[in-house]
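Participant: Let's see this in three dimensions:
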Amino acid sequence: MIDFIYQDPYPILKDDTQYRKITSDFVKVEKFGEREVLTVDPKGLELLAEEALTDVSFMLRTSHLQKLRNILDDPEATDNDRFVAYNLLQNATVAAEGQLPSCQDTGTAIVMAKKGESIFTGVDDAEWLSRGIFNTYQKRNLRYSQIVPISMFEEKNSGSNLPAQIDIYAKKGNAYEFLFMAKGGGSANKTYLYQQTKSLLNEKAMDAFVRAKIKDLGTSACPPYHLALVIGGTSAEANLSAVKKASAGYYDNLPTTGNMAGQAFRDHEWEQKVQQICQESAIGAQFGGKYFTHDVRVIRLPRHAASCPVGLGVSCSADRNIKGKITKDGIYVEQLEVNPKQFLPETAPHLEAPVEIDLNMPMKDMLAKLSQYPIKTRLKLSGTVIVARDIAHAKIMEMLEAGQPMPEYFKNHPVYYAGPAKTPEGMASGSFGPTTAGRMDVYVDEFQKHGGSMIMLAKGNRTKQVTDACNKYGGFYLGSIGGPAAILAQDNILKVEVVDFEELGMEAVRKITVKDFPAFIITDDKGNDFFENL
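Facilitator: Model prediction:
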């Protein structure tokens, strides 16, 4: 007979988080028979959620900012690595002022909570947490990104960024612990589940697996990444839940060895190996180099004998994760960095001067100018750009399929794949960084055939069908830095106006005027692609 064994499957050994106290209000200790119960006024839940989502939209962890500074100080970092890291630090400095969020995709609000069994609220906690999230998105210059289904194929923007994802678990004690996340679509889409077998669990197979699957991540989720690799899990959903929490640093203080109770543990040896593989990939911080990842977490979980789920995911350059807690002493939220400027060097990294492109030239002249330069060329763009993303592309495709002409604005100007956050009072634009280019790949050949999308501007790597289309029709894809949405709004976007599909909100077609907008030639008119040989 074997003895019964039970333990916490994810034994976090310590919490070294630095918290700031929001208030001592809304909590009190009461007697329930012979035991003490912590009564929490639901307004405290609302306040905590509002504070957490506000802070995480504009500020980052000190440790994350230090890792960006480390790139600038590393003699092995490439110029492209340093260029991205410097821009991200500048962006963090602008965002911390509290007007322009660090990323235009202000994310799906996600709450993971562990509620002590001696906590009493008397309400549906998810409702009051949602109230706080609602308040933040109403009051701040954030974007409403949640699309709700009306029927199988009809959708509308909820206009509030709700619903949020809220998962509440029970635990012992009289403390209420929280992890809040604002998860943008780019990094959320780079979460992968691979159903593997026992044959993966050896040194050679695991090494080959990691080298192959790292390429699935690409650059569209704005590296450098905090990468999580989770091997095992009692189910697919348990694996992916662990991936998300590990990428947020939530499991940093797990044990480093397993036991017969099946506890989760971190494998530091494989973290170093995966980090080395990421560096050797030469993908770098978006445009080639060493810093594809800041760091790696490898978590090992128990599994069913017939299953071996493996999850891979990231927290991106907008590392929007923040803890909170409610105890008898009050309501607390993780202290994020209020002074990111301290991580900026006194002088910017030295880089070769970019090629300046006048976007107000006729399209044929712009194409001829770009054709003079090889891929990897750094550019500085000034002039008029059309902004359109998923739904606008779908509508224009419907027009073409109905025999209607391509809109002239799509033929006369470069198209920027983006959707802005709300515009602060007195500014030309809200945070307005690029969205993932790959979602528009299916439209490129047809659009270029009709004379549109000849110059595209966005973030991340693209499929071969885009390379082939550009080669066939003489088009270009220009890569913008993913991440620095706040500084682009402050320094590079001078004017924004809606020109079509106004009813689509942030998905409407806009015309913007930019100045010194940074970009790289990624795909040219000769069939060359920057990422092809990485």
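Participant: For this protein, which segments count as helices?
Facilitator: Assigned by DSSP state H, the helices in the chain fall at 42-58, 62-73, 79-95, 125-139, 185-188, 203-217, 236-247, 268-280, 363-370, 390-401, 408-412, 441-449, 464-473, 485-487.
Participant: who wins for proximity to residue 435 among those?
Facilitator: Among the helices of the chain, helix 185-188 comes nearest to residue 435, with 7.1 Å by C-beta to C-beta. (C-beta placed from N, C-alpha, C; glycine too.)
Participant: Please tell me how far the closest one is from the chain's geometric centre.
Facilitator: Counting by C-alpha atoms, centre = their mean, to the nearest Å, helix 185-188 is centred 5 Å from the centre of its parent chain.
Participant: Also stretch 3-20?
Facilitator: Centroid displacement of stretch 3-20 relative to its chain, using C-alpha atoms, centre = their mean, is 27 Å.
Participant: Among the helices of the chain, which comes closest to residue 317?
Facilitator: helix 79-95 (5.4 Å).
Participant: By residue count, which strand of this structure is the longest?
Facilitator: Taking DSSP state E as the criterion, the chain has its longest strand at strand 509-523.
Participant: Can you list the buried residues in that strand?
Facilitator: By neighbour count with 16 or more other C-beta atoms under 10 Å, strand 509-523 contains the buried residues 509-514, 517-523.
Participant: likewise stretch 71-90?
Facilitator: In stretch 71-90, counting by 16+ other C-beta under 10 Å, buried: 71-72, 77-78, 80-90.
Participant: Also stretch 20-36?
Facilitator: 22, 26, 27.
Participant: circling back to that earlier point, now pLDDT and distance to residue 277 too, for the buried residues of strand 509-523, in TSV please.
Facilitator: Output for the buried residues of strand 509-523, formatted as TSV (pLDDT from 0 to 100; distance: C-beta to C-beta, whole Å):
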residue	pLDDT	distance to residue 277
509	94	41
510	95	40
511	96	43
512	95	39
513	96	43
514	96	37
517	93	34
518	91	29
519	93	29
520	91	24
521	95	28
522	94	23
523	96	26
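Participant: Pick out whichever of those sits closest to residue 435.
Facilitator: residue 510 (13.0 Å).
Participant: neighbours around the closest residue to that closest one other than its chain neighbours, how many?
Facilitator: Among residues not flanking residue 510 along the chain, residue 387 sits closest, at 4.1 Å (C-beta to C-beta, 6 or more residues apart in numbering). The tally of other residues near residue 387 (other C-beta atoms under 10 Å) stands at 28.
Participant: Tell me if I'm right that residue 387 and residue 414 touch.
Facilitator: No. Residue 387 is beyond contact range of residue 414, at 10.0 Å (criterion: C-beta atoms under 8 Å).
Participant: how about low-confidence regions in this protein?
Facilitator: The model of the chain has pLDDT under 70 over residues 533-534.
Participant: returning to what we had before: against which helices or strands is the longest strand of the chain packed?
Facilitator: strand 378-387, helix 464-473, strand 476-479, strand 493-500 (3 or more C-beta pairs under 8 Å, 6 or more residues apart in numbering; DSSP states H and E).
Participant: quick one on the thing from earlier: which pair in the buried residues of stretch 71-90 spans the largest distance?
Facilitator: Maximum pairwise distance in the buried residues of stretch 71-90, criterion C-beta to C-beta, is 18.5 Å, between 78 and 90.
Participant: who touches residue 209 in this structure?
Facilitator: 194, 196, 200, 310 (C-beta atoms under 8 Å, 6 or more residues apart in numbering).
Participant: Next, give phi and psi for residue 481.
Facilitator: phi -70, psi 130 (degrees, to the nearest 10).
Participant: Any idea how many residues pack against residue 140?
Facilitator: Other residues close to residue 140 by other C-beta under 10 Å number 19.
Participant: do you know how far it is from residue 420?
Facilitator: 14 Å (C-beta to C-beta, to the nearest Å).
Participant: What's the PyMOL line that selects buried ones from the contacts of residue 209?
Facilitator: This is how PyMOL selects the buried members of those, with burial counted by 16+ other C-beta under 10 Å:
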select buried, resi 194+196+310
